[in-house]
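**Q** Need coordinates for the below:
(2 chains)
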Amino acid sequence: MFRNITIGQYVPGDSAIHKLDPRVKIIITFIFIIAIFFINKFSGYIFAMLYLWLVIRISKIPFSYVLKGLRPVIVILLLTVSLNMFFTPGGTVLYTLGPLKITSAGLKFAVFMGLRLIFLIIGTSLLTLTTSPISLTDGIEHILKPFSKIGVPAHELAMMMTIALRFIPTLIEEAEKIMKAQMARGADFESGNIVNRARGLVPLLVPLFISAFRRADELAIAMESRCYRGGHNRTRMKKLEVHTRDYAALFITGVIVVLIVWNRSWAW
Amino acid sequence: MMKAKEITVGGLLAALALVIPLAFGGVLGIVIPPFSATLASHVPVMLAMVVSPATAVFVGLVSALGFLIKLGPVIAARAAVHAVFGYVGAKMIQRGYSFLVALAATLPIHAGLEALVVMPFGFDFYTAFVVVGVGTMIHHVIDSAIALAVFYALNPILKLKTIQH
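**A** Numbering: from 1, shown residues only, chains lettered A, B, ... in the order given. Coordinates of the predicted model:
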């Protein structure tokens, strides 16, 4: 199940989306995330859906692969939808289940929040699916560079982010293995009170953290043995440049944001 | 300049800070409306406190990003508080306080800030300070116990304190 998480995975390609400047892609992703929170009615999601469809088509990433990333969050998605459905008051009562009531307002809000979550996950996954870790580091480092004047370690933070993104799939796989191994030994992570559940986590987390720290250790040795000295006086083989396609991408994103904001004042 | 080991440990802890809410949210999630918590979600930030203040802030911000993707802005705002308590805890450890003392001292900061940060999202005083604040305190205590268990299991092998400046 965990292997289906697409955040942090990169699908190599030669599409226009893959070729976009990583700085532009990061900025666009942030704009998209903010725009999603501006949507206040269902019609607003049409623009977000069109935008994501366009990006997926141009990037040539199989649609099924992008959707696969939603599978691990189905539980939380259902939980969010159910909670909103049962605990949002207002509207007409559609169904009664003991003390719980599903109202029209609750159902509407639940679907609305569910869609928001789906669009957020797909939008964020597309950044890492179309950007190589090296480009992502370069992009983050360039964006953070102005902050280095006030002491923010831009290169180091970008490097940490790249390592984090690179190791997400590895750690997920590792966690799945540990979880299965512990469950085979009789571990129970899902039942019992809060204290028992917390206690049950230790056999899962200790091996997971040990493995993560071992990887960190090996990686640090590998970096130091290659004379890694951080960002100071570092030169680059590929310089980042903003091209016409980057301006076009920013323009299209801008249009979508304007439509989403404008949609807030629509009657439907 | 940060050392290579500090960068790699920070990166791996940040990955775990993203993985815990994203992959384990269903298994480790506890929801008592309107309060929700993901068990062990603070553990990466708490362990990052032992590494350095910059690492703790970074891991805290990354965990906020994970929660933003998964659960929206209210939970992300609460998670962003991790950067603050992580920084305070890391500074205390740098000044010679033990990990246990740093975890205990950051408890009121964590709970108070999480209660404050949800108020602009429409939470009333009771919900913010009693439900979210007390809920966060309990969550902090449980995660501290897990972090301590992991720390004492890890430290003889990995000597985390040696990374400090």
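**Q** Report all helices and strands that the helix or strand hosting A:I58 contacts.
**A** Applying DSSP states H and E as the criterion places A:I58 in helix A:42-59. Applying 3 or more Cβ pairs under 8 Å, 6 or more residues apart in numbering or on different chains; DSSP states H and E, one finds that helix A:42-59 makes contact with helix A:16-19, helix A:22-38, helix A:104-130, helix A:244-263. For every residue, glycine as well, the C-beta is placed using N, CA and C.
**Q** Among these, which comes closest to B:V132?
**A** helix A:104-130 (19.1 Å; Cβ to Cβ).
**Q** Pretty sure A:A220 sits against B:A4.
**A** Yes - the pair A:A220 and B:A4 qualifies as a contact (Cβ atoms under 8 Å) at a distance of 4.3 Å.
**Q** wait, what's in contact with residue 109?
**A** You didn't say which chain, so I picked chain A. Residues near A:F109 by Cβ atoms under 8 Å, 6 or more residues apart in numbering or on different chains: A:N84, A:M85, A:T88.
**Q** To clarify, I was referring to chain B.
**A** With contact taken as Cβ under 8 Å, 6+ apart, B:I109 is in contact with B:V84, B:F85, B:V88.
**Q** average pLDDT across the host helix or strand of the last one?
**A** Same thing as B:V88. B:V88 belongs to helix B:73-94 when elements are defined using DSSP H and E. For helix B:73-94, the mean pLDDT works out to 82.
**Q** likewise stretch A:49-64?
**A** 93.
**Q** Next, count neighbours for B:F58.
**A** For B:F58, the count of nearby residues is 28 (other Cβ atoms under 10 Å in any protein chain shown).
**Q** Can you tell me the SS state at it?
**A** Following DSSP: H, G, I helix; E, B strand; the rest coil, B:F58 is assigned to helix.
**Q** From A:I46, how far off is it?
**A** According to Cβ to Cβ, to the nearest Å, B:F58 and A:I46 sit 37 Å apart.
**Q** what's near enough to touch the spatially most central residue of chain B?
**A** In chain B, the C-alpha nearest the mean C-alpha coordinate belongs to B:H42, at 3.2 Å (Cα atoms, centre = their mean). Residues near B:H42 by Cβ under 8 Å, 6+ apart: B:H82, B:H139, B:H140, B:D143, B:S144, B:A147.
**Q** Which single one of the residues you listed is nearest to B:L18?
**A** Comparing the contacts of B:H42 against B:L18 with Cβ to Cβ places B:H82 closest, at 12.6 Å.
**Q** How many residues are close by the residue lying closest to that closest one once chain neighbours are set aside?
**A** Nearest non-adjacent residue to B:H82, counting by Cβ to Cβ, 6 or more residues apart in numbering or on different chains: B:G60, 3.6 Å away. Number of residues near B:G60 (other Cβ under 10 Å) recorded here: 26.
**Q** Next: B:V141.
**A** Residues lying near B:V141 (other Cβ under 10 Å) number 14.
**Q** Does it touch B:L107 like I think?
**A** Yes - using Cβ under 8 Å, B:V141 is in contact with B:L107, at 7.1 Å.
**Q** Where do the helices of chain B begin and end?
**A** Applying DSSP state H to chain B gives helices spanning B:4-28, B:43-51, B:53-71, B:73-94, B:99-118, B:125, B:134-158.
**Q** Check which residues of the last one are buried.
**A** Spelled out, that is helix B:134-158. For helix B:134-158, the buried set under the neighbour-count rule, 16 or more other Cβ atoms under 10 Å in any protein chain shown, comprises B:135-137, B:139-140, B:142-147, B:149-151, B:153-154, B:158.
**Q** Just checking it against chain A, any contact.
**A** Yes - using Cβ under 8 Å from any Cβ of the partner chain, helix B:134-158 reaches chain A at B:I138, B:I142, B:A145, B:I146, B:A149, B:V150, B:A153, B:L154, B:I157, B:L158.
**Q** Does that helix pack against any helices or strands, and if so which?
**A** Using 3+ Cβ pairs under 8 Å, 6+ apart, the elements in contact with helix B:134-158 are helix A:194-225, strand B:35-38, helix B:43-51, helix B:99-118.
**Q** Run the angle between it and helix A:194-225 for me.
**A** Note on geometry: by axes from the mean of the first three to the mean of the last three Cα atoms, to 10 degrees, helix B:134-158 and helix A:194-225 are set 40 degrees apart in direction.
**Q** any idea of the mean pLDDT in helix B:134-158?
**A** Helix B:134-158 comes out at a mean pLDDT of 83.
**Q** pLDDT value on whatever residue of chain B ends up closest to chain A, please?
**A** Proximity of chain B to chain A (Cβ to the nearest Cβ) peaks at B:G11, 2.6 Å away. The per-residue pLDDT reported for B:G11 equals 90.
**Q** The nearest residue in space to it that is not next to it in sequence is in what secondary structure piece?
**A** Closest residue in space to B:G11, ignoring its immediate chain neighbours: A:I163 at 2.6 Å, by Cβ to Cβ, 6+ apart. Using DSSP H and E, A:I163 sits within helix A:154-184.
**Q** Between helix A:194-225 and that helix, find me the angle.
**A** Relative orientation of helix A:154-184 and helix A:194-225, computed by the same axes, to 10 degrees: 130 degrees.
**Q** where does the residue of the stretch 151-268 of chain A found nearest chain B land on pLDDT?
**A** With Cβ to the nearest Cβ, the shortest gap between the stretch 151-268 of chain A and chain B falls at A:I163, namely 2.6 Å. Turning to A:I163, the model gives it a pLDDT of 86.
**Q** quick one: contacts for it?
**A** Going by Cβ under 8 Å, 6+ apart, the list of residues near A:I163 reads A:L219, B:I7, B:T8, B:G10, B:G11, B:L12, B:A14, B:A15.
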